[in-house]
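**Student:** Following is a predicted model, sequence given first.
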Number of protein chains: 2
Amino acid sequence: MDSVLLGLAGVLGNDRVEVDGARVATVSRDESDLPPARPLAVVRPRHTQDVVAVVRACHDARLPLTARGGGTSLEGSSVPSVGAIVLDLSDLARVAQTSVEERLAVVEAGVVFDRLNERLRPTGLFFPPTPGGSADAATIGGMVATDAGGLYAVRYGGTRRWVRGLTVVTGDGTILHTGSRLPKTSTGVDLTQVFVGAEGTLGIVTEVTLGLCPVPEARQRAAWAFDDLGTACACVADLLLGIPDLAAVEVVDRGTVDLLRAGADGAGAPAGDLLLIEVHGRASECAAAIQAACDIASTFGARPVDGATDPWELRHRLTRAVRESAAPSGVVRTDAAVPLPRLAAFVAATQERAAARGRRLHVFGHAGLGILHFLAPLAGAGAWPLDEARDWKVALCVEATRQGGVVSGEHGVGLGNREAYLATAGATLPYLRALKSVFDPAGILNPGKIL
Amino acid sequence: MDSVLLGLAGVLGNDRVEVDGARVATVSRDESDLPPARPLAVVRPRHTQDVVAVVRACHDARLPLTARGGGTSLEGSSVPSVGAIVLDLSDLARVAQTSVEERLAVVEAGVVFDRLNERLRPTGLFFPPTPGGSADAATIGGMVATDAGGLYAVRYGGTRRWVRGLTVVTGDGTILHTGSRLPKTSTGVDLTQVFVGAEGTLGIVTEVTLGLCPVPEARQRAAWAFDDLGTACACVADLLLGIPDLAAVEVVDRGTVDLLRAGADGAGAPAGDLLLIEVHGRASECAAAIQAACDIASTFGARPVDGATDPWELRHRLTRAVRESAAPSGVVRTDAAVPLPRLAAFVAATQERAAARGRRLHVFGHAGLGILHFLAPLAGAGAWPLDEARDWKVALCVEATRQGGVVSGEHGVGLGNREAYLATAGATLPYLRALKSVFDPAGILNPGKIL
């Protein structure tokens, strides 16, 4: 074991520093299909002071350090940087405080999203951003690092909106306390905002002061099938104009649904290009909103399907079904987003181009936010060659940006969106590189990600 | 006229560069009672390219440059830096785009808050943060620069929440386009956030892409008088827990109300320590919320007063009444905020200390956000010596921060909160200074403000 690791084992304890075994294999990859990378070691701090010790050791030895929460990144944000030590924050899992009066929780970075909301249940409050299929593994620290969105972000916003303050360890081991307990302040440049979305490249978030939201009294769902996905997307804009209480607005293309229907757990899945909504509010409001939504959808030729379909559960099963259909190679996936008026044409054009090439393409997404996840399978029927899929992904992201959208709506840049990000960042790039130098002068924090 | 100004007159036009006259006098001060400072000149750009020309000229000549919108800062953010050129952005006043479907407006920095919302009226959308008595003069650029809050921030958040993207000119004249048209993205470090709240010290914001909110169907108000302000503040926490639709929660102390009642326009003003609320929602919800609020308030011994009192109008008149009572010296004013559970004790202790010194102290504020504006009159009955008031202000801000609050809830740091800010910024200070160097390498942008 190298001397840096021996030193860390001395400070953190021998069992907290591992250079081989199951944990090292686990942290070599994340939920993306990007190539794994074996780390030099995995280190498990127990509190912020441990993180300081690790960062200082890496800073002094110029060793890369990749922080990791649940490892649920879909763009490789948590794949270890080349030759990196992985800082596994799972054991920073304390909910230090909750305050119903202040509508806040102070939580360590390793607290899992679902665990936090279970813990909050008796308070009548919740942390709304809901990271789709990974809610049972994604950590608050990881959500802050990627400014994670999710199913309900159309109503409640992404993670950023709820972050009031942070404890962060910068690249030279300095502890910063940013923000406050308050929901609204105007005290100069808000450093909290600099770390949200930075994917552990500017600092390691160890504790988060999170705003919370009252749990809605009622939730109600509806789902429709359309003749084509473009029409479903066109309907989305009218729904958003007409129904202010929409909490989730999801679309799924028919090919993806068919894949699901053909599988073992396909029973009960509806057919066609789908649009699914969820409204939150008082019980009476929800019923009225669903009725109004049905009226709007019917003007687009929508056919109602089983309204009991849980869009979150459906989304979870869809991702699994697509990945199984693409085994063992996996998928190249997009997270680009476009403005709502562009959504229908963007989807239709992307589908047409894939069909013209004879390639299979799946798509679902948070249509209410213009966020689309296209999945290009790298194996199975209509598979894409890897290079072609990668080039296609970059071109799609560049085009989305040209139309007023972005490279990533909710997953982050990581490794998988890096090329498209660098191609679209323009004049901001030198400033972003300078920020990196300010907070991480030795360049040890998750190098090669984002920039 | 100096050669830099002659050069700018050549580019912008002679009538766009003034070195004396009424406009120079006007821009020497803002709405704070801080000492005015005569600028070298006032320059009025017509568009972003003009701003680039001015910034480049100042950068090359190492001349300070203070950007100015409506000049409504209450902490001296828009008082010219020593020897500065003032960049008056009033003529960047175009609403370039509105999109109902995307719930956004693209507006130039000089657009006035009220003008924007008047313009938006036919769309059924509005920009919610409402800067109290200066809504008819505050510009969107100024609101972005200070992350302005206001009456309705308890429900809708401050300016930051609504800013989707910016056009900014950095300190060397580079134009940056940050963010996008979308409400939720995850595309790396969000530079938009760095400029919000930076008070023109990191860049000059020339255009803003603003998210908008549907106008509520109904608004309803209630007001109560209490035996003391501490009890009114204690009631606030219960109201916030019980009434999710609260849009405004304001308190005013009895001494301030008495001042108003004694004045020329005092007719109809209620007596006592006041708590005023406004709820937004559907008409039926508003009525139920007001009834529930009355039930809660009555458990604190509240006496209902005229519910038609417009808290915004009242606030406007209060500020004027206090300032008139302190003429010609004005007031020293605080904008510190504390967590809600601390509010009642903080108010009571601050009032007691002032009374023990024989000093008059007025207080009102957005109690729902823990934001308190104490006003210490520098003339009239119970006047404070200037040095005593300044020291008291710093001590109050430091104490608020120690209790988990902040130096400024909604007005910004500027000059008036600078000492307290520097005393509380701790380990973040070197990083904030480094950020300044990144975006403004020559240190010309509003120097002496915040840092």
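**Tutor:** Sure thing, it's come through.
**Student:** If you check chain A against chain B, which residue is the closest one?
**Tutor:** When scored by CB to the nearest CB, chain A has A:Gln193 as its residue closest to chain B, at 3.5 Å. In short, each C-beta sits where N, CA and C put it, glycine included.
**Student:** which SS class is that residue?
**Tutor:** helix (DSSP: H, G, I helix; E, B strand; the rest coil).
**Student:** so what's the residue nearest to it when sequence neighbours are not counted up against?
**Tutor:** Counting by CB to CB, 6 or more residues apart in numbering or on different chains, B:Gln193 is the residue found nearest to A:Gln193 once chain neighbours are left out, at 3.5 Å. Residues near B:Gln193 by CB atoms under 8 Å, 6 or more residues apart in numbering or on different chains: A:160, A:190, A:193-194, A:196, B:160.
**Student:** and those residues, which two are the farthest apart?
**Tutor:** Using CB to CB, the two most remote members of those are A:Val194 and B:Arg160, lying 13.1 Å apart.
**Student:** Farthest from the middle of chain A: give me that residue.
**Tutor:** Distance from the C-alpha centroid of chain A peaks at A:Ser3, with 36.0 Å (CA atoms, centre = their mean).
**Student:** correct me, but A:Gly211 touches A:Arg160?
**Tutor:** No. Checked against CB atoms under 8 Å, the pair A:Gly211 and A:Arg160 is beyond contact range at 10.7 Å.
**Student:** So which other helices or strands are in contact with the lowest-mean-pLDDT helix or strand in chain A?
**Tutor:** Sorting the helices and strands of chain A by mean pLDDT, DSSP states H and E puts helix A:311-325 at the bottom, at a mean of 80. On a contact count with 3 or more CB pairs under 8 Å, 6 or more residues apart in numbering or on different chains; DSSP states H and E, helix A:311-325 meets strand A:246-252, helix A:254-262, strand A:273-281, strand A:362-365, strand A:373-377.
**Student:** how about a cut-off of 10 Å?
**Tutor:** For helix A:311-325, the packing partners by 3 or more CB pairs under 10 Å, 6 or more residues apart in numbering or on different chains; DSSP states H and E come out as strand A:218-226, strand A:246-252, helix A:254-262, strand A:273-281, strand A:331-333, strand A:362-365, strand A:373-377.
**Student:** Low-confidence stretches in chain A?
**Tutor:** A:1, A:264-268, A:307-312 (pLDDT under 70).
**Student:** care to break it down by domain?
**Tutor:** A:95-214, A:218-412 (automatic domain parsing).
**Student:** which of these is buried the deepest?
**Tutor:** Greatest average neighbour count among those goes to domain A:95-214 (a mean of 23), per mean count of other CB atoms under 10 Å in any protein chain shown.
**Student:** how close does A:Ala287 get to A:Arg221?
**Tutor:** 12 Å (CB to CB, to the nearest Å).
**Student:** who touches both of those two?
**Tutor:** The contact sets of A:Ala287 and A:Arg221 overlap at A:Val279 (CB atoms under 10 Å, 6 or more residues apart in numbering or on different chains).
**Student:** Specify the angle between the least confident helix or strand of chain A and strand A:373-377 in degrees.
**Tutor:** 20 degrees (axes from the mean of the first three to the mean of the last three CA atoms, to 10 degrees).
**Student:** so what's A:Pro328 closest to, chain neighbours aside?
**Tutor:** A:Ala379 (6.6 Å).
**Student:** so what's the one you found up against?
**Tutor:** If you count contacts by CB under 10 Å, 6+ apart, then A:Ala379 has A:325-331 around it.
**Student:** Go again with 7 Å.
**Tutor:** Going by CB atoms under 7 Å, 6 or more residues apart in numbering or on different chains, A:Ala379 touches A:326-329.
**Student:** now A:Gly197
**Tutor:** A:Gly197 makes contact with A:146-147, A:160, B:186, B:188-190, according to CB under 7 Å, 6+ apart.
**Student:** again, only using 8 Å
**Tutor:** A:Gly197 touches A:145-147, A:160, A:412, B:186-190, counting by CB under 8 Å, 6+ apart.
**Student:** Render the CA-only coordinates of stretch A:167-178 in PDB, please.
**Tutor:** What follows is stretch A:167-178, C-alpha atoms only, in PDB (Å, rounded to 0.1, in the frame of the first residue of the first chain):
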ATOM      1  CA  THR A 167     -20.600  22.400   4.500                       C
ATOM      2  CA  VAL A 168     -18.000  21.900   1.800                       C
ATOM      3  CA  VAL A 169     -14.300  20.900   1.800                       C
ATOM      4  CA  THR A 170     -12.400  22.700  -1.000                       C
ATOM      5  CA  GLY A 171      -9.500  21.200  -2.900                       C
ATOM      6  CA  ASP A 172      -6.900  22.300  -0.300                       C
ATOM      7  CA  GLY A 173      -8.800  21.000   2.600                       C
ATOM      8  CA  THR A 174     -10.500  24.200   3.800                       C
ATOM      9  CA  ILE A 175     -13.900  23.800   5.400                       C
ATOM     10  CA  LEU A 176     -16.500  26.300   4.100                       C
ATOM     11  CA  HIS A 177     -19.900  26.900   5.600                       C
ATOM     12  CA  THR A 178     -22.000  28.600   3.000                       C
END
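**Student:** for that stretch, the distance to its chain's centre please.
**Tutor:** Distance, stretch centre to chain centre, for stretch A:167-178: 24 Å (CA atoms, centre = their mean, to the nearest Å).
**Student:** can you check stretch A:370-378 too?
**Tutor:** 14 Å.
**Student:** Please apply the same query to stretch A:218-226.
**Tutor:** With CA atoms, centre = their mean, you get 23 Å for stretch A:218-226.
**Student:** again with stretch A:339-347
**Tutor:** 21 Å.
**Student:** same thing with stretch A:346-353?
**Tutor:** On the basis of CA atoms, centre = their mean, stretch A:346-353 sits 24 Å off its chain's mean C-alpha point.
**Student:** what helix or strand does A:Ala96 sit in?
**Tutor:** In this structure, A:Ala96 sits in strand A:95-99 according to DSSP states H and E.
**Student:** just checking, what packs against that strand?
**Tutor:** Using 3+ CB pairs under 8 Å, 6+ apart, strand A:95-99 sits against strand A:104-108, helix A:113-120.
**Student:** Tell me the helix or strand right after the helix or strand that contains A:Gly165.
**Tutor:** Using DSSP H and E, the element containing A:Gly165 is strand A:163-170. Downstream of strand A:163-170, the first helix or strand assigned by DSSP H and E is strand A:175-179.
**Student:** just checking, what packs against that following strand?
**Tutor:** Strand A:175-179 packs on strand A:163-170, helix A:191-195, going by 3+ CB pairs under 8 Å, 6+ apart.
**Student:** what's next to it, contact-wise?
**Tutor:** Against strand A:175-179 from outside (CB under 8 Å, 6+ apart): A:48, A:52, A:163-170, A:185, A:190-192, A:195, A:203, A:209, B:426-428, B:431.
**Student:** Quick check: residues of the stretch 351-451 of chain A near chain B?
**Tutor:** Residues of the stretch 351-451 of chain A lying near chain B by CB under 8 Å from any CB of the partner chain: A:369-371, A:401, A:404-413, A:417, A:421, A:425-428, A:431-432, A:434-435, A:438-439, A:450-451.
**Student:** rerun at 7 Å
**Tutor:** By CB under 7 Å from any CB of the partner chain, the residues of the stretch 351-451 of chain A that approach chain B are A:369-370, A:404-413, A:421, A:427-428, A:431-432, A:434-435, A:438-439, A:450.
**Student:** Where does the closest residue in space to A:Gly382 that isn't next to it in sequence sit: helix, strand or coil?
**Tutor:** Leaving aside its sequence neighbours, A:Gly382 sits nearest to A:Arg360 (CB to CB, 6+ apart; 2.9 Å). Put simply, A:Arg360 is coil when judged by three-state DSSP.
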